[in-house]
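Participant: just to be clear, the model below is a prediction. Sequence and coordinates:
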Amino acid sequence: MVRKSGTAQQPPATENQSEGGAQADVLWEYYRRMSLIRNFELRAEEMYKKAKIGGYCHLNLGEEATVVGLMAALRKTDYLYANYRVHGYALMRGLDPGRVMAELFGKADGVSGGWGGSMHLFDVGARLMGGYGIVGGQIPPATGAAYALAYRQEPGPDAEAVMCLLGDGTTAIGAFHESLNIAALWKLPIVYVIIDNGLGMGTTVEHSSAEPLLYKRGSAYRMPSQRVDGNDPVAVRKAAEEALRLAREERQPYLLETISYRLKGHSVVDPARYRTKAEVAELKVHDPLPAFRVQLLQEGIMAEDQAKAIEAEAEEIVDAAVAFADAAPFPQLSGLFGNAYATKVPNAPHQLPGDPVITL
């Protein structure tokens with residue numbers, strides 16, 4: 001969700017076009033969204049280090065342009081399956097920043113009731129079908145959802161589609177290949193997106209994949225594919241729109257690879273010592289947020305004071321999200337097993353930690 005305040009006045013629609021073909025007001029909005037994700041993730045890192053957030057915490061820092069571009073292409077009626085680096089996608093699907101932060105805090109007002117945490121954000125209303133903590137765990141369910149859509153609807157421009165996000169390391173597991181094969185055989189309306197940040201945890205793609213151009217894996221299943229610059233939100237959006245069009249109208253699954261380097265370690269606790277100082281410096285040069293800011297300023301789409309107003313607005317939204325999460329209550333222990341099953345089943349566990357094994 002991207003809220004607007006009076007501090008950052010949005011320019012009127014204009015015919016002024018950027019090189020990417022997007023109107024100025026659209027580029028303005030993309031910068032607003034990228035700024036929100038950046039501020040949210042920086043505060044999530046801070047809160048983790050203050051022990052407000054437990055468990056694992058994986059951030060979208062450096063991937064904001066990819067997140068915004070992909071979500072700009074996805075319709076509200078489409079389904080999104082994500083991996084564990086999911087915060088920015090949840091925000092761009094319209095989830096309230098306060099409830100997302102509360103979930104990271106493990107609070108009852110979080111989007112998953114405080115039981116899911118950073119990796120398991122979920123909202124069926126937004127058709128965000130979850131972040132998945134198991135590498136590749138999202139791919140078979142996403143493929144199954146695409147099969148359900150193919151079974152119940154005809155192809156066409158108004159058809160629903162599925163987008164499945166995965167990391168570069170996930171392309172080596174069996175479920176990836178099995179799912180792409182099924183999708184191609186059965187002509188399912190799904191777009192698989194490899195968010196290639198160059199590292200599977202701490203191992204480079206070149207050291208883990210005999211074919212480091214990961215989008216080429218689609219050719220084994222006669223699936224169209226391409227690689228796109230993940231630091232350009234317009235390029236990502238256009239590529240995703242075309243992939244989704246093929247999925248909707250022609251029942252043609254698609255493999256899209258975005259090159260988008262994470263700025264920090266694999267998770268908040270990863271110091272990323274596998275990167276050299278030169279690599280770290282190079283990443284900062286290509287940081288998509290300041291680069292996009294410079295582009296908008298140079299093209300006259302945004303003025304310096306307007307950029308600062310957008311950035312201040314993002315900080316205010318995230319400040320409010322942290323305050324909401326801090327004030328929210330923790331889940332009750334009595335509800336620990338409440339969501340173990342979708343429906344009641346015989347012999348479901350009801351015992352809580354500390355309860356006697358045998359009651360007389």
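Facilitator: Thanks, I have the structure now. Residues are numbered from 1 along each chain as shown.

Participant: mind listing the strands for the stretch 51-200 of the chain?
Facilitator: Taking DSSP state E, counting those that start in this stretch as the criterion, the stretch 51-200 of the chain carries its strands at 79-82, 128-131, 162-167, 190-196, 199-200.

Participant: redo these as CSV? Include distance to N39, mean neighbour count and mean pLDDT.
Facilitator: All C-beta atoms are positioned from the backbone trio N, CA, C, and that covers glycine. Shown next, in CSV, are these (distance: least, CB to CB, whole Å; neighbours: other CB atoms under 10 Å; pLDDT from 0 to 100):
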stretch, distance to N39, mean neighbour count, mean pLDDT
strand 79-82, 20, 26, 98
strand 128-131, 20, 22, 95
strand 162-167, 22, 27, 97
strand 190-196, 20, 28, 97
strand 199-200, 24, 20, 82
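
Participant: pretty sure P329 belongs to a helix, no?
Facilitator: No - assigned with DSSP: H, G, I helix; E, B strand; the rest coil, P329 falls outside any helix and is coil.

Participant: next one: the closest residue to it other than its chain neighbours from R93, what distance?
Facilitator: Closest residue to P329 apart from its sequence neighbours, by CB to CB, 6 or more residues apart in numbering: A108 at 5.1 Å. According to CB to CB, to the nearest Å, A108 and R93 sit 21 Å apart.

Participant: for the helix or strand hosting W28, packing partners?
Facilitator: W28 belongs to helix 24-49 when assigned by DSSP states H and E. Helix 24-49 is packed against helix 64-73, helix 87-92, helix 97-104, helix 233-250, helix 288-298, helix 304-327, with contacts defined by 3 or more CB pairs under 8 Å, 6 or more residues apart in numbering; DSSP states H and E.

Participant: now M92: closest residue in space, sequence neighbours ignored.
Facilitator: The shortest distance from M92 to any residue other than its chain neighbours is 3.7 Å, reached at M71 (CB to CB, 6+ apart).

Participant: what's near enough to touch that neighbour?
Facilitator: 89, 92-93 (CB atoms under 8 Å, 6 or more residues apart in numbering).

Participant: among those, who's most crowded?
Facilitator: Of all those, Y89 has the most neighbours under the rule other CB atoms under 10 Å, reaching 28 neighbours.

Participant: what bridges to the residue nearest to it when sequence neighbours are not counted?
Facilitator: In this structure, Y89 finds its nearest non-sequential neighbour in A82, 5.3 Å apart by CB to CB, 6+ apart. For A82, the beta-bridge partners under DSSP bridges are G131.

Participant: how close does A82 sit to G54?
Facilitator: Distance of A82 to G54, given as CB to CB: 20 Å.

Participant: surely D326 touches F105?
Facilitator: Yes - counting by CB atoms under 8 Å, D326 does reach F105; the two are 7.4 Å apart.

Participant: quick one, which of those two is more surrounded?
Facilitator: F105 (25 against 13).

Participant: just checking, A291 touches N231?
Facilitator: Yes - here A291 reaches N231: they are 6.6 Å apart, a contact under CB under 8 Å.

Participant: related to what we said a few turns ago, which one, of the helices and strands packed on helix 24-49, ends up nearest to N339?
Facilitator: N339 lies closest to helix 97-104 among these, at 13.6 Å (CB to CB).

Participant: for the closest one, name the packing helices and strands.
Facilitator: Checking 3+ CB pairs under 8 Å, 6+ apart, helix 97-104 ends up next to helix 24-49, helix 87-92, helix 304-327.

Participant: got those helices as CSV, with distance to L283 and mean pLDDT columns?
Facilitator: Formatted as CSV, these follow (distance: least, CB to CB, whole Å; pLDDT from 0 to 100):
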stretch, distance to L283, mean pLDDT
helix 24-49, 14, 96
helix 87-92, 18, 97
helix 304-327, 21, 97
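
Participant: most tightly packed of those helices?
Facilitator: Greatest average neighbour count among the helices and strands packed on helix 97-104 goes to helix 87-92 (a mean of 28), per mean count of other CB atoms under 10 Å.

Participant: ok, and what's touching it?
Facilitator: 1-2, 33, 36-37, 40-41, 44, 59-60, 63-64, 67-68, 70-71, 80, 82, 97, 100, 104, 111, 118, 121, 123, 126, 128, 131, 165.
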